[in-house]
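> Structure for this input, please:
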Amino acid sequence: MYIDTHCHLSSQDYSDIPAVIEDNKKAGVDKMILSGCTRESILESLELVEQYPDLYVTIGYHPSEADITTEDDLLLLEKQLQNPKVVGIGEIGLDYHYGKENIMLQKNLFYQQMKLASRYHMPVVIHSRDATEDTISILKEFSDVIGDIHCFSGSLETAKIYLSMGYYLGIGGVVTFKNSKLGDVVSKIGLHSLLLETDSPYLTPEPYRGGQNSSKYLPYVASKIAELLGVSVEEVASQTLQNTEALFDLDHNL
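Numbering: from 1, shown residues only. Modelled structure (predicted):
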């Protein structure tokens, strides 16, 4: 059994969500953790997880929302942390890829959501793009919080810093890309610190790169990791399942 620890399942991207979920199950992906990272996607994801017992959700405001996130939005987030289907806060963090014009707003939003994670003892799902130094600096201020570095694609040195802080690394389709150096990092890190994710509908793995992603392609990520580490796909599935249970406290639901 596989768990996709990070995927987006929105009617904006998929015309038939029940069919997508069924296809995922046929591929062996029995459970999914949705990511609600805008107000709209948070509300839609919360509705979905109530309809399907095998769906969970992390909720939080993506750094791209820093300019428009209000106090009411943060109150909505805090209120929903009481929902048992909400298993973490995310994806949250920093993104400087398109510039740093709103850097203070991004940092403020990140801080506020990390404070909620600390207060409610929730794991976080971290988005960090071209902002590694600032991301690590802020995370170090919250030593009581652990989580998942979503879609990790950094260096071995950066990976070791995150691991020393108690974080797991989310590995998705990028590890299958021919020009990716992520495989070198994965081969040196080992299974005990990894989580499987797709970030669907984005970052579709080979051999389907360029098309729309979904959780049904998660086994291709697992297969590549197994190849890199010289272990069976079953071992990858088993260990990443244990990692997911440990981080998101899903064991009572699995």
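
> CA atoms for contacts and neighbours, from now on please.
Fine.

> wait, isn't Leu250 in contact with Asn243?
No. If you go by CA atoms under 8 Å, Leu250 and Asn243 don't touch, sitting 10.1 Å apart.

> Counting neighbours, go ahead and name the busier of the two.
The neighbour count for Leu250 versus Asn243, taken as other CA atoms under 10 Å, is higher for Asn243 (19 against 15).

> Show me where the stretch 51-200 of the chain has its helices.
Assigned helices in the stretch 51-200 of the chain, in chain order: 71-80, 103-120, 132-140, 156-164, 182-189 (criterion: DSSP state H, counting those that start in this stretch).

> wait, which of these is closest to Leu229?
helix 182-189 (5.5 Å; CA to CA).

> so the closest one versus helix 156-164, what angle?
Orientation check (axes from the mean of the first three to the mean of the last three CA atoms, to 10 degrees): helix 182-189 against helix 156-164 gives 50 degrees.

> name the helices or strands packed onto helix 182-189?
On a contact count with 3 or more CA pairs under 8 Å, 6 or more residues apart in numbering; DSSP states H and E, helix 182-189 meets helix 156-164, helix 218-229.

> just these: most buried one?
Among those, the stretch with the highest mean neighbour count (mean count of other CA atoms under 10 Å) is helix 218-229, at a mean of 21.

> roughly how far out does it sit from the chain middle?
Centroid separation for helix 218-229 versus its chain: 18 Å, with CA atoms, centre = their mean, to the nearest Å.

> can you list the helices of the stretch 51-200 of the chain in TSV and add distance to Gln51 and mean pLDDT?
Listed next are the helices of the stretch 51-200 of the chain as TSV, based on distance: least, CA to CA, whole Å; pLDDT from 0 to 100:
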stretch	distance to Gln51	mean pLDDT
helix 71-80	16	97
helix 103-120	25	98
helix 132-140	34	98
helix 156-164	35	98
helix 182-189	35	96
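
> out of those helices, which comes closest to Arg209?
Checking the helices of the stretch 51-200 of the chain against Arg209 by CA to CA gives helix 182-189 as the closest, at 16.2 Å.

> Pull out the buried positions in the closest one.
Buried residues in helix 182-189, defined by neighbour count with 16 or more other CA atoms under 10 Å: Leu182, Gly183, Val185, Val186, Ile189.

> Excluding covalently adjacent residues, which one is nearest to Thr204?
Nearest in space to Thr204, with sequence neighbours left out and distances taken as CA to CA, 6 or more residues apart in numbering, is Asn213 at 4.6 Å.

> How many neighbouring residues does the one you found have?
Neighbour number of Asn213 under other CA under 10 Å is 21.

> Does it belong to a helix, a strand or coil?
Under DSSP: H, G, I helix; E, B strand; the rest coil, the three-state class of Asn213 is coil.

> Can you give me every residue that contacts Pro207?
By CA atoms under 8 Å, 6 or more residues apart in numbering, no residues touch Pro207.

> Numbering from 55 from now on, please.
Got it, first residue is 55 now, which makes that one Pro261.
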